[in-house]
Each structure stands twice: as structure tokens, then as C-alpha cells.
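**Q** 3D model of this:
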Amino acid sequence: MEVLTFYLEEEPYGIDVRNIVEIVEQLEPVRVPLSPPYVEGIANLRGEIVPIVNLKKRFGAKKSGGQSIVVIILHKGEKLGIMIDRISGIQNVQETELKKPTRRLKKLIPPEFLTGVFSIGKTRYLLLDIDKILEEKGG
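**A** Below is the predicted model:
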């Protein structure tokens with residue numbers, strides 16, 4: 001599988017590229033009243049209104065600013081943006097290379113929101129489970 005690798009607060013993560021529609025820099029969301037705190041707002045993406053989720057806020061990070069890249073994904077047939085700090089690259093990861101996440105990981109995102117853990121060189125990446133992350137009851 002191909003995985004987009006990226007960073008949130010200097011922690012390495014990955015997302016399956018099959019979920020990605022495009023990557024946009026400097027997309028400015030407009031806040032929507034009464035939306036969950038982790039929804040940064042909505043943005044106009046070439047005439048299409050797309051909700052933007054701040055993953056740092058989703059998981060209660062102390063710092064949530066500094067993000068300028070939005071990864072547009074397709075979630076349950078709808079476009080949605082997730083904010084990230086910086087992109088590392090695209091990596092090929094074999095299913096056999098994925099390890100099960102454990103509670104011992106001291107990372108921003110809890111293990112129940114991960115598909116697995118994989119390593120590239122000395123760096124250990126956490127593969128996000130976008131469906132679980134975007135469920136309203138999670139987090």
C-alpha cells in the first residue's frame with residue numbers, strides 16, 4: 001500500500017493514499033457556530049464546501065496552530081480536509097510491515113485510532129484509521 005507520511009507536532013504519522021483526493025496549502029477555513037471544537041470550519045475548494053478537521057484539536061493537543069497544509073480526503077463519499085503540519089513523503093508499506101499499535105505509545109493520537117505502526121529507517125510512523133478518527137463518539 002502507498003502511504004502519505006506527515007508530521008503533527010513533530011510526531012510522524014501516515015494515511016493510506018487511497019483516501020486522499022488532493023493536498024492543498026493555505027486553505028483558510030471559516031468557523032461554523034456550534035460545530036465541534038476540532039472542526040476548524042468550512043472552506044471553499046473551487047466552489048465545493050469542505051469541512052476542515054484539526055487533528056491536534058481532535059485529540060486535545062496543547063498546541064494546535066502552525067498548520068498550513070490540508071489533506072483533502074474522501075470519507076463516506078464526502079470530501080473533508082484534515083490539517084497537518086508538514087509532509088514527509090509517500091512510502092510503499094507492505095501489509096506484513098504493519099505492527100499492531102500498543103498502549104505503550106506516548107503519542108498525540110490514542111492507539112484505538114490507528115491501523116498500525118510501521119518503520120522507515122529509524123523513524124516509526126503511526127498509520128491513522130480515518131474512519132475511527134472522524135466518528136463523532138471517538139476521541
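**Q** what are the ranges of the helices in the protein?
**A** 55-58, 130-133 (DSSP state H).
**Q** Out of those, indicate the one that is most buried.
**A** Each of the helices of the chain was scored by mean neighbour count; the highest is helix 55-58, a mean of 22, by mean count of other Cβ atoms under 10 Å. Placement of C-beta: from N, CA and C, glycine included.
**Q** elements contacting that one?
**A** When contacts are defined as 3 or more Cβ pairs under 8 Å, 6 or more residues apart in numbering; DSSP states H and E, helix 55-58 sits against strand 78-84.
**Q** Only alpha carbons, please: show the strand it packs on as CSV.
**A** Backbone C-alpha positions of strand 78-84 (Å, rounded to 0.1, in the frame of the first residue of the first chain) are rendered in CSV as follows:
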residue,chain,number,x,y,z
GLU,A,78,-17.9,13.2,1.1
LYS,A,79,-14.8,15.4,0.8
LEU,A,80,-13.2,16.5,4.1
GLY,A,81,-10.0,18.2,4.9
ILE,A,82,-7.5,17.3,7.7
MET,A,83,-4.9,19.8,8.8
ILE,A,84,-1.3,18.7,9.1
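**Q** Next, count neighbours for the residue lying closest to E95 once chain neighbours are set aside.
**A** Leaving aside its sequence neighbours, E95 sits nearest to M1 (Cβ to Cβ, 6 or more residues apart in numbering; 6.8 Å). For M1, the neighbour count with other Cβ atoms under 10 Å is 16.
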